[in-house]
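Enquirer: The sequence isn't on hand, but the structure is:
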């Protein structure tokens, strides 16, 4: 928790990295060495991750990537180990944890913006580009708000906390549309809410009411779009259109054609092509495309299978981290780059929920085995 909190308490990535090294990586290495992997439990998800890391290593070897990349692979493996095998407490699955996390991150954005407005660093209504801590960028922060809202949604509905839900929705939309002015989080939050509520209505009311809900939802979207010109914030978000992402993606796919289809162009690959002949491509703005271009089809297929399996496990185990993961997956179609590197926002947005789903799955498996052994002894 200290490591996760450091994203909102420390101002630089170097400080967050140092927290990771000191509190997670080094202790994990020492513990693994002394315990000889005693806490590691084999599962198809663990094998899938090991296979993915192996493919990353093969891609790096083929494309001549420097030694530092292999060190980053170790960092991800250690993060997986800590989250999946070494976490013993259940508070990360507590209903209150999801709600508290949402409110804390939202108030981090709101309070920071109020200070900026008062100090004059940003004008009221101007897009806040940089927040004060490591979680600073508007796009990733909006995606995080969306993910936490999505994870909390089932809790609010289950506990009939409708007033809290209303204020949470209002605050989330205000932070994402007015302060951060990022569409990725809004699209993901509304998409996940639509899917969950449609499923919610179907289970309780049946097909007829579900169809009515779907028609009503699309009608509301159409009405908002139709009147968007009279709503300045919505109009501004829509007018930015695709932000030249489609052209960017086309150029990267063109680069990929000259690389190894199986293992990609390499983790350090930089495109020489320019968007509209003038703007350089800094990163893929899509984690799945980044996987394809940098490390190839094999890594992309493996990661997609991991995500799908994690979503299935979350549904079977009633784990709300699956809602978090689904929201991040949708939003990161519009932003994001490579998963392998020093600790960054993608660790919180995509790696953490997958590992939390794996953790709870391991707990259920251990409980089932204990119950089976107890039954055998009783008989």
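Expert: Sure thing, it's come through. As the structure is a computational prediction, the values presented were derived from the model and not from experiment.
Enquirer: Identify each buried residue in the strand or helix carrying residue 222, please.
Expert: Element membership for residue 222 (DSSP states H and E) is helix 207-226. Residues 210, 213 are the ones in helix 207-226 that count as buried (16 or more other Cβ atoms under 10 Å). Bear in mind the C-beta positions are built from the backbone N, C-alpha and C, glycine included.
Enquirer: Packing partners of it?
Expert: Helix 207-226 sits against helix 183-205, with contacts defined as 3 or more Cβ pairs under 8 Å, 6 or more residues apart in numbering; DSSP states H and E.
Enquirer: what's the angle from the helix it packs on to helix 207-226?
Expert: Relative orientation of helix 183-205 and helix 207-226, computed by axes from the mean of the first three to the mean of the last three Cα atoms, to 10 degrees: 160 degrees.
Enquirer: per-residue pLDDT, the nearest residue to residue 261 once chain neighbours are set aside?
Expert: Using Cβ to Cβ, 6 or more residues apart in numbering and skipping residues adjacent in sequence, the residue nearest residue 261 is residue 297, 5.6 Å away. Turning to residue 297, the model gives it a pLDDT of 94.
Enquirer: just residue 379 next, same as before
Expert: 48.
Enquirer: before we move on, the earlier item: how far away from the center of its chain is the helix holding residue 222?
Expert: The chain centroid and the centroid of helix 207-226 are separated by 27 Å under Cα atoms, centre = their mean, to the nearest Å.
Enquirer: Next: stretch 85-105.
Expert: On Cα atoms, centre = their mean, the centre of stretch 85-105 falls 16 Å from the chain's centre.
Enquirer: What of stretch 330-340?
Expert: Relative to its chain's centre, stretch 330-340 lies at 8 Å (Cα atoms, centre = their mean).
Enquirer: Quick one: end-to-end distance for it.
Expert: 19 Å (Cα to Cα, to the nearest Å).
Enquirer: and the residue nearest to residue 261, that one's in a helix?
Expert: Yes - per DSSP: H, G, I helix; E, B strand; the rest coil, residue 297 lies within a helix segment.
Enquirer: That one - how many residues pack around it?
Expert: Look at residue 297: counted by other Cβ atoms under 10 Å, it has 16 neighbours.
Enquirer: ok, now the one 4 residues further on?
Expert: Residues near residue 301, counting by other Cβ under 10 Å, number 14.
Enquirer: now the helix or strand hosting it against helix 183-205, angle please.
Expert: Following DSSP H and E, one finds residue 301 within helix 287-316. Relative orientation of helix 287-316 versus helix 183-205 (the same axes, to 10 degrees): 30 degrees.
Enquirer: Check the offset of helix 287-316 from the chain's centre.
Expert: For helix 287-316, the distance to the chain centre is 13 Å (Cα atoms, centre = their mean).
Enquirer: and that helix, what does it pack onto?
Expert: helix 44-62, helix 245-256, helix 321-331, helix 352-378.
Enquirer: deepest of those helices, which one?
Expert: Comparing these by mean neighbour count (mean count of other Cβ atoms under 10 Å), helix 321-331 ranks first with a mean of 27.
Enquirer: Below-threshold pLDDT in this protein: ranges please.
Expert: Low-confidence segments of the chain, defined by pLDDT under 70: 225-243, 364-379.
Enquirer: Beyond the strand or helix carrying residue 15, next helix or strand please.
Expert: Here residue 15 sits within helix 13-20, counting by DSSP H and E. Per DSSP H and E, the first helix or strand lying C-terminal to helix 13-20 is helix 26-35.
Enquirer: quick one, that following helix and helix 13-20 angle?
Expert: Using the same axes, to 10 degrees: helix 26-35 against helix 13-20 is 30 degrees.
Enquirer: from the chain's centre, how far out does helix 26-35 sit?
Expert: Once both centres are worked out by Cα atoms, centre = their mean, helix 26-35 turns out to sit 27 Å from its chain's centre.
Enquirer: So which elements touch it?
Expert: Under the contact criterion of 3+ Cβ pairs under 8 Å, 6+ apart, helix 26-35 touches helix 67-81.
Enquirer: got the angle for the helix or strand just after the helix it packs on vs helix 321-331?
Expert: Downstream of helix 67-81, the next assigned helix or strand under DSSP H and E is helix 95-119. If you take the same axes, to 10 degrees, helix 95-119 sits at 40 degrees to helix 321-331.
Enquirer: Pull out the buried residues from the helix or strand just after helix 95-119.
Expert: Later in the chain than helix 95-119, the nearest helix or strand by DSSP H and E is helix 138-158. By 16+ other Cβ under 10 Å, the buried positions in helix 138-158 come out as 138-156.
Enquirer: again, but for stretch 280-293
Expert: Per 16+ other Cβ under 10 Å, stretch 280-293 contains these buried residues: 281, 283-293.
Enquirer: Let me know the closest of these to residue 328.
Expert: residue 287 (9.1 Å; Cβ to Cβ).
Enquirer: And for the closest one, nearest residue in space, chain neighbours not counted?
Expert: Counting by Cβ to Cβ, 6+ apart, the residue nearest residue 287 is residue 336, at 3.9 Å.
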